[in-house]
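1. Structure, please.
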Amino acid sequence: MAKVKGFKALRYNEEKVNNISDVIAPPYDVINKEQQEHLYSLHENNIIKVDLNKTEGDTKYEEAKSIFNSWINDQVLIQEEKECIYPYHQTFTYKGKDYERIGIIALVKLSEFSDKIILPHEETFSGPKADRLKLMKSCKTNISPIFGVYDNSDNKVEKLVKEFIKSNNPIIEAKSLDGIMNKLWKIDNFQTISEISSYFETKEILIADGHHRYETSLNYHRENPDSETENVMFYLTGTIQEGLLINPTHRILNKTSSSKDITGSVLESFYTEKWLGDMNEDSLEPDEFFYIDKKNDTNLKCKIKEKDLVSFYSMSVYAVQEKIIDLFKESYENVGHFKSLEDAKSSINSESIGLILPKFIPADIMKVVLNNDKMPQKSTYFYPKVATGLLFNKLY
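-> Here you go, the predicted model:
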């Protein structure tokens, strides 16, 4: 099954960069223009200048290559002497509750999705894959790890890693823009690395975040088939832990032309009840969603009917996609996607329709994957994200 191994990571040299918090960034695809500008100004060596360079056109990839290579030449980035696996611990507060999440960063051997070892769960877009391939060709490096989850019901790797970090100091401590504390250790003991590698030989890995980067790595390896490109950097974490939050991406139908028709169809297609209370994703079951039509003063809590449960995997994200978004695609201008519940709510106006979706559980997502199916684009939002800039994997 999954082939996991250690690697000689490239990382920031703390003799050159005093505060690693100043050079890390969120994943490229969740950074807005304002955050990009802030990260640019935060430190001259912030990874944003490589991962999301703001130069216009394809020139940005050459610019990223030049910057990244200069950091290596100037020893702003240095490479480990031994192959390592890196325990990665995150602590954060979400909705007033404290969480922690433990995982590892390692290399995983690439495999085709048809092999059922690395499992995707969402559809991808061609644009981001083209962008990431150009960056990979320029820098010849995995700039950020793909986020993968696995069944950890035996808790074996977690126990091993927690024992290790109790008696060893972290090599990196850095706080993300959103206040998440990231700590990284390194395991360079051959026996321990072998034990972790052997453990994953019976495991499948579900891609939580980074579908575009994984498919890009496959394409890059096809074009450059050698031992350096056959692996990709992954962050691997177990599905059974409180700190693995799988939040929804809410949908807003903008500039609707026939909201009354859409609302009428929703009332027929779902079990509905008028809703006067707070519309909070935490109060929804996986087969429920909130529907907001301000123009017609309609707030509903909706539930999938029994006859549709199997075809929609008992998940409202499928039902919303088929029975509202696809069915009425001529009745609105575009779909807005929102990770934040507050941002979604504040974006709903008299010309739009709001669709507030529930959280996900890993078992439901696995049902989809094991049925050779994928979820609609931009369905899940695994939180917290993995910081970019902690480690890099050279492909040459």
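2. if I look at Leu236, how far off is Leu309?
-> 32 Å (Cβ to Cβ, to the nearest Å). Every residue, glycine included, has its C-beta placed from N, CA and C.
3. More neighbours: these two, which one.
-> For Leu236 against Leu309, the residue with the higher neighbour count under other Cβ atoms under 10 Å is Leu236, and the figures read 26 against 14.
4. Tell me how far that one lies from Lys367.
-> Note on Leu236: its distance to Lys367, by Cβ to Cβ, is 21 Å.
5. show me what contacts the closest residue to Tyr383 other than its chain neighbours?
-> Taking Cβ to Cβ, 6 or more residues apart in numbering, and ignoring the residues beside it in sequence, Tyr383 has Leu245 as its nearest neighbour in space, at 4.4 Å. With contacts defined as Cβ atoms under 8 Å, 6 or more residues apart in numbering, the neighbours of Leu245 are Tyr94, Tyr99, Lys359, Phe382, Tyr383, Pro384.
6. neighbours of the closest residue to Asp287 other than its chain neighbours, just the number please.
-> Spatially, and ignoring its direct neighbours in sequence, Asp287 is nearest to Ile304 (4.4 Å; Cβ to Cβ, 6+ apart). Number of residues near Ile304 (other Cβ under 10 Å) recorded here: 25.
7. who's Met233 bridged to?
-> In this structure, Met233 has beta-bridge partners Leu107, where bridges are defined by DSSP bridges.
8. in stretch 189-205, what's buried?
-> Applying a neighbour-count criterion of 16 or more other Cβ atoms under 10 Å, one finds Ile193, Ile196, Ser197, Tyr199, Phe200, Lys203, Glu204, Ile205 buried in stretch 189-205.
9. tell me which element Glu100 falls in.
-> Mapping Glu100 onto the secondary structure by DSSP states H and E places it in strand 97-109.
10. and that strand, what does it pack onto?
-> With contacts defined as 3 or more Cβ pairs under 8 Å, 6 or more residues apart in numbering; DSSP states H and E, the packing partners of strand 97-109 are strand 4-5, strand 86-94, helix 156-166, strand 231-238.
11. In stretch 274-282, which residues are buried?
-> Within stretch 274-282, the residues that count as buried by 16+ other Cβ under 10 Å are Trp275, Met279, Glu281.
12. how near is the residue nearest to Tyr383 to Phe92?
-> Applying Cβ to Cβ, one obtains 9 Å for the distance of Leu245 from Phe92.
13. Residues in contact with both of these two, list them for me.
-> Listed contacts common to Leu245 and Phe92 are Tyr99, Pro384; contacts here mean Cβ under 8 Å, 6+ apart.
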